[in-house]
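**Q** here is the input, now give the coordinates:
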Amino acid sequence: MQDRSLAIVLAIALLVGGCSTTSSSSGVSATPMAAWAGPVFVSESQLPAGIQYKVVGSVQADARAGYDSSTKLYPFLASEARKIGANAVVGVVDGRRVTAFSWSAPHVSGTAVRVEDPEKLKGPPGSYH
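**A** Residues are numbered from 1 along each chain as shown. Below is the predicted model of the structure:
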């Protein structure tokens, strides 16, 4: 009976762990920035001319399973950007990947930037997370 219970627990752990989302970031700055505490702007577009910013690094998020919209991964992009000191993720690109639990799991990536005047982010298309 214990072997069966252990097998059930392991199967549930594999399913829960296999269905999770992963995210990562990599910074490009020689001197790391402090984490950003506020909301992070996420956009598929680049920032318009006239907005001063510094590239902080790159961020990405992957769903290990599922067929949902890639926009559901935007909060994970924002979380990674926040960790490396960015207040925006621009040039977001989405796609699909084959994973162990899905033939077409969503994937997103973008460039994490620190905008000098966050008020200027209210004009371009995008969303806050």
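**Q** can you map out the strands along the protein?
**A** Ranges of strands within the chain are 21-27, 41-42, 53-63, 88-99, 102-115, 127-128, based on DSSP state E.
**Q** tell me which of those sits most buried.
**A** For the strands of the chain, the largest average neighbour count (mean count of other CB atoms under 10 Å) is found in strand 41-42, namely a mean of 24. Backbone N, C-alpha and C define where each C-beta goes, glycine included.
**Q** contacting residues around the closest residue to residue 94 other than its chain neighbours?
**A** Closest residue to residue 94 apart from its sequence neighbours, by CB to CB, 6 or more residues apart in numbering: residue 70 at 3.6 Å. The contact partners of residue 70, taken as CB atoms under 8 Å, 6 or more residues apart in numbering, are 94, 95, 106, 107, 108.
**Q** pretty sure the third one contacts residue 94?
**A** Which is residue 106. Yes. Counting by CB atoms under 8 Å, residue 106 does reach residue 94; the two are 6.5 Å apart.
**Q** what touches both of those two?
**A** Going by CB under 8 Å, 6+ apart, residues that sit against residue 106 and also against residue 94 are 70, 73.
**Q** give me the pLDDT for the residue nearest to the spatial centre of the chain.
**A** Nearest to the mean C-alpha position of the chain, by CA atoms, centre = their mean, lies residue 77 at 1.8 Å. Here, the pLDDT recorded for residue 77 equals 95.
**Q** next: residue 83.
**A** For residue 83, pLDDT reads 95.
**Q** could we number from 59 for the rest of this?
**A** OK, 59 is where the count begins now, so the last one is residue 141.
**Q** neighbours around it, how many?
**A** 18 (other CB atoms under 10 Å).
**Q** ditto for residue 127
**A** By the criterion of other CB under 10 Å, residue 127 has 10 neighbours.
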